[in-house]
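# Any chance you can model this:
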Amino acid sequence: MKIIAFAATNHSKSINRQLVEYSASLLKNVQVEILDLNDYELPLYGQDKEEEIGHPQLAKDFLAKIAGSCGILIAFAEHNGSYTVAYKNIFDWCSRIEPKVFQNKPMVLLSTSPGSMGGTSVLATAVQSAPYFSGVVKANLAIPSFYDNFDSEKKILKHAELNEQLQDAVSHLDHLK
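Below is the predicted model of the structure:
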């Protein structure tokens, strides 16, 4: 079994993608598959669209990735205090197929932003809502001021205290089978 990890955004240079990739590298005892939401581009969800086309195969494929995993690591980008459209759209499609989107998988939820709040608004929403969709949140962490705290060249957190907090958070996924 493996952990799936992804940034909840379709931005190719997302700081949350950098964060999730670094976080995944801290997992030494499990296999990690990093997903890219750009590989799951779907039409904008709406009930009329669902009635017209049914459930897209890419949404089914994304749910299969969740089903085939033993845990989930997500780094949430924050747009106007909430989810990105890319994440919300794939989530909406998936929830129409399987309301228990996260399928009782252990999850670690992260966020970061350039600002001092580190995406805490979207992270709070994700932490609060995940259990309604059968997500088992084991840990969550917001990394503030990404550009001050992350070395993009070396791909590491600069500050030992933040790095320790991140290692503690992801350790909840490191021994899953």
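
# which residues sit against stretch 32-40?
For stretch 32-40, the external contacting residues (CB atoms under 8 Å, 6 or more residues apart in numbering) are 2-10, 12, 20-21, 24, 58-59, 61-62, 65, 69, 73, 86-87, 90. To be clear about C-beta, it is placed using only N, CA and C from the backbone, and glycine gets the same treatment.

# what residue is smack in the middle of the protein?
Relative to the mean C-alpha position of the chain, the nearest C-alpha, by CA atoms, centre = their mean, is the one of Ile74, at 1.9 Å.

# Shouldn't that one be within a helix?
No. Counting by DSSP: H, G, I helix; E, B strand; the rest coil, Ile74 is not found in a helix; it is strand.

# Tell me who's in contact with it.
By CB under 8 Å, 6+ apart, Ile74 lies in contact with 5-8, 20, 107-110, 126.

# quick one on the thing from earlier: now the contacts of stretch 32-40: which count as buried?
Buried subset of the contacts of stretch 32-40 (neighbour count, 16 or more other CB atoms under 10 Å): 3-10, 20-21, 24, 58-59, 62, 65, 69, 73, 86-87, 90.

# Let's see which of those residues end up in strands.
When those are checked against strands (DSSP state E), the matches are 3-7, 69, 73.

# So which of those is the closest to Glu50?
Closest to Glu50 out of those is Phe6 (23.3 Å), distances taken as CB to CB.

# Hmm, that closest one is touching Leu19, no?
No. Judged on CB atoms under 8 Å, Phe6 makes no contact with Leu19 at a distance of 11.2 Å.

# list the residues that contact both of these two?
Ala75.

# State the distance from the residue of the chain most remote from its centre to Tyr22.
For the chain, the largest distance from the centre (CA atoms, centre = their mean) belongs to Glu52, which lies 29.1 Å off. Look at Glu52 and Tyr22: by CB to CB, to the nearest Å, they are 41 Å apart.

# Mind naming the longest helix for the protein?
If you go by DSSP state H, the chain has its longest helix at helix 85-97.

# Name the next helix or strand following that helix along the chain.
Once the chain leaves helix 85-97, the next helix or strand it forms, by DSSP states H and E, is strand 105-112.

# distance of Val127 from Leu58?
Per CB to CB, Val127 is found 26 Å from Leu58.

# Return the backbone torsion pair for Gly54.
Reported as degrees, to the nearest 10, the phi and psi values for Gly54 are phi 80, psi -150.
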